[in-house]
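*Asks:* What shape does this take:
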Amino acid sequence: MMKKRAFLRGLLGFPLGVAIGYAITILISAGWGNGSYLPCVPSLIETAGSEIAAVVLQAALSGLLGASFAAASVIWEIENWSIAKQTGIYFLISSVTMLPIAYFAQWMRHTVAGFLSYFGIFAAVFVIIWIIQYCFWKRRIKKLNQKIGDR
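*Replies:* Numbers count the residues shown, from 1 in each chain. Coordinates of the predicted model:
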């Protein structure tokens, strides 16, 4: 049952990943494009051989990233795992997916410093989002428990 849920979430996550990737290119273009649309980094265009090939590759990689993150979200529903184990496994899956995709999409410099910098930013964003989600759900559970206690 868990595998089926992961697969279905992955199917939903693919177009969501493509949409988020596209939205990011719009935001980057609005901020740094000087009136031009920047669909992907120039080094990816050079590697792919054309702008359209680079855009298609980036869309596919963004979709795979979305599918992976969505499919891995079933980890949060494994009730007999601790929050630490869930977080560690989800972070591992996310990292193992994100870093190679970022490398192939040319989102990071292809140096040790570029990798470490990208990984550091990824880990920091992961931690910030995790803390926000944790606080949100802790508050929500507290409110639900209060309602149960009022009855």
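
*Asks:* what about Ile93, neighbour count?
*Replies:* Residues near Ile93, counting by other C-beta atoms under 10 Å, number 16. Yep, even glycine has a C-beta here, placed from its N, CA and C like the rest.

*Asks:* er, Ser62 I mean
*Replies:* 23.

*Asks:* Which of the helices or strands spans it?
*Replies:* Following DSSP states H and E, one finds Ser62 within helix 51-72.

*Asks:* Now tell me what touches that helix from outside.
*Replies:* Residues outside helix 51-72 that contact it (C-beta atoms under 8 Å, 6 or more residues apart in numbering) are 6-7, 9-18, 20-22, 39-40, 44-45, 47-48, 90, 93-94, 97-98, 101, 104-105.

*Asks:* are any of those buried, and which?
*Replies:* 6, 9-10, 13-14, 16-18, 21, 39-40, 44-45, 48, 90, 93-94, 97-98, 101, 105 (16 or more other C-beta atoms under 10 Å).

*Asks:* sorry, back to before: quick check: mean pLDDT across the helix holding Ser62?
*Replies:* Across helix 51-72, the average pLDDT comes to 97.
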